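# Let me see the structure of the following:
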Amino acid sequence: MARQENEILNAIMDYLKIVLERRHPCYFYRTNNVPAVERTRDGIIRFRKRPKHCPKGIPDIHGVWYGKYVGIEVKHRKGKQNKDQKAFQKRVEEGQGIYFVARSIEDVQTGLFPNDS
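Residues are numbered from 1 along each chain as shown. Now for the predicted structure:
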């Protein structure tokens, strides 16, 4: 994740944890969705395999908002979803969950409070 994107993600998480979780029935957490790097016994450095039931395209932030699953994919200003992220979004929305791409705290507010915009 690019530095700018990581700064946006941290600002959004601070907003979710410090502001929203104190005022609304919700819970949010982030996941590290990039496989970790490991060194094999013979000294080769590689990415560790994705866990067996961890799907590709999972969002950066997961949560529960008034009883509904929420997935938030954080992108910088010009960032775009890849095909796996779009497929994950489709599955969430088909299951009546909430999913959106956020580039700012304002995008999170719009995603969670759509009638206030």
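
# so where's the longest strand in this protein?
Ordering each strand of the chain by length in residues (DSSP state E) puts strand 68-74 first.

# Quick one: mean pLDDT for the helix or strand following that one?
On the C-terminal side of strand 68-74, the nearest following helix or strand under DSSP states H and E is helix 83-94. Mean pLDDT, computed over helix 83-94, is 96.

# For helix 83-94, list every residue counted as buried.
Neighbour counts over helix 83-94 (16 or more other Cβ atoms under 10 Å) mark 85, 88-89, 92 as buried. The C-beta positions use only the backbone N, C-alpha and C, and glycine is treated the same way.

# Count the neighbours of His76 for me.
The burial count assigned to His76 is 15, neighbours taken as other Cβ atoms under 10 Å.

# What distance do you get for it to Ile18?
As judged by Cβ to Cβ, to the nearest Å, His76 and Ile18 stand 22 Å apart.

# Next: Asn82.
30 Å.

# and if you look at Val37?
32 Å.

# next one: Pro25
Applying Cβ to Cβ, the value for Pro25 to Ile18 is 16 Å.

# for Asn115, same thing?
23 Å.

# Comparing these two, which residue is more hemmed in?
Neighbours were counted for Asn115 and for Ile18 using other Cβ under 10 Å; Ile18 has more, 9 against 4.

# which residues touch the more buried one?
Counting by Cβ atoms under 8 Å, 6 or more residues apart in numbering, Ile18 touches no other residue.

# That one belongs to a helix, doesn't it?
Yes. The assignment for Ile18, made by DSSP: H, G, I helix; E, B strand; the rest coil, places it in a helix.
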